[in-house]
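K.L.:
return a 3D structure for these sequence lines:
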Amino acid sequence: MEFHVVTLFPEMFRSAFKGGPIGRARTEGIISISAHQLRDFGLGNYRQVDDTPYGGGAGMVMRPEPIAAAIDHLDRSHPRLDRILLTPQGERLDQVSVRSLALRRPGLMLIAGRYEGFDERIRSLVDREISIGDYVLNGGEIAALVVIDAVARLVPGVLGNPSSLKEESFSSESLEYPQYTRPEEFRGMRVPQVLLSGNHELVRSWRAAQARARTLARRPDLIARIKP
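P.N.:
Predicted structure coming up:
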């Protein structure tokens, strides 16, 4: 699967995924991550990519021409990429949307903004708008890194043990059950006896109940999405 990021700061992507499962997957050719300098498509001698907003106001707005040129270039060199605009106004990224993005082939074009945002006309050039949360970042690069990390791990062959995906938080629209490892006792806190019982059916039942209880206590908004 291919990830292509249009950004003013491609250096942010050069070392982000060198290690771990994603780094190994890149080395093995399972996924590829490329960052494309938006300023290469800028206007004039100074490669301008932004300008003052019509109607006045603070800050600068990203012009449509450089982004359109970058999109056109990638459409020619890497056709059929899904065009994703990273913006606070987009749909909220969750595990359901991550799974849908992981199915897109050959991959994703992620457009990272800066300054006060995009010229509105840029929205007509993309397939989808995504937000990673209701807070303000300096730019879309961190959001692009989040999308890549979340999506890439669902690509077959990226994780060493793909069955672990089934038990993670949000994999079934609920939080994950509590996990324990050695020692059996730590500072007076003991591992629940059920996990030491060897009864796999009892363990599964306990974990399901714990996941539901934890979700209800910490993320009740997810309860309605849990299958009975």
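
K.L.:
quick one, phi/psi of R182?
P.N.:
Recorded main-chain torsions at R182 are phi -70, psi 150, according to degrees, to the nearest 10.

K.L.:
what does the helix or strand containing G90 contact?
P.N.:
When elements are assigned from DSSP states H and E, G90 belongs to strand 82-92. With contact meaning Cβ atoms under 8 Å, 6 or more residues apart in numbering, strand 82-92 is reached by 71, 97, 101, 104, 107-113, 117-118, 122-123, 125-134, 136, 140, 143-144, 147. Any C-beta I mention is one placed from the backbone N, CA and C, and that applies to glycine too.

K.L.:
export stretch 35-55 to PDB, keeping only CA atoms.
P.N.:
The C-alpha atoms that make up stretch 35-55 are tabulated as PDB, following Å, rounded to 0.1, in the frame of the first residue of the first chain:
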ATOM      1  CA  ALA A  35       6.500  13.000   1.300                       C
ATOM      2  CA  HIS A  36       6.200  15.500  -1.500                       C
ATOM      3  CA  GLN A  37       7.300  19.100  -1.000                       C
ATOM      4  CA  LEU A  38       4.400  21.400  -1.700                       C
ATOM      5  CA  ARG A  39       6.700  24.400  -2.400                       C
ATOM      6  CA  ASP A  40       8.000  22.600  -5.500                       C
ATOM      7  CA  PHE A  41       4.600  23.500  -7.000                       C
ATOM      8  CA  GLY A  42       4.600  27.000  -5.600                       C
ATOM      9  CA  LEU A  43       4.100  30.200  -7.600                       C
ATOM     10  CA  GLY A  44       6.800  32.600  -8.900                       C
ATOM     11  CA  ASN A  45      10.500  32.900  -7.900                       C
ATOM     12  CA  TYR A  46       9.700  32.500  -4.200                       C
ATOM     13  CA  ARG A  47       7.500  29.400  -4.700                       C
ATOM     14  CA  GLN A  48       4.600  31.100  -3.000                       C
ATOM     15  CA  VAL A  49       2.000  28.700  -1.500                       C
ATOM     16  CA  ASP A  50      -0.100  31.100   0.600                       C
ATOM     17  CA  ASP A  51      -1.700  34.600   0.500                       C
ATOM     18  CA  THR A  52      -3.700  37.000   2.600                       C
ATOM     19  CA  PRO A  53      -7.400  36.100   3.000                       C
ATOM     20  CA  TYR A  54     -10.100  38.000   1.000                       C
ATOM     21  CA  GLY A  55     -12.300  40.000   3.400                       C
END
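
K.L.:
noted, bye for now.
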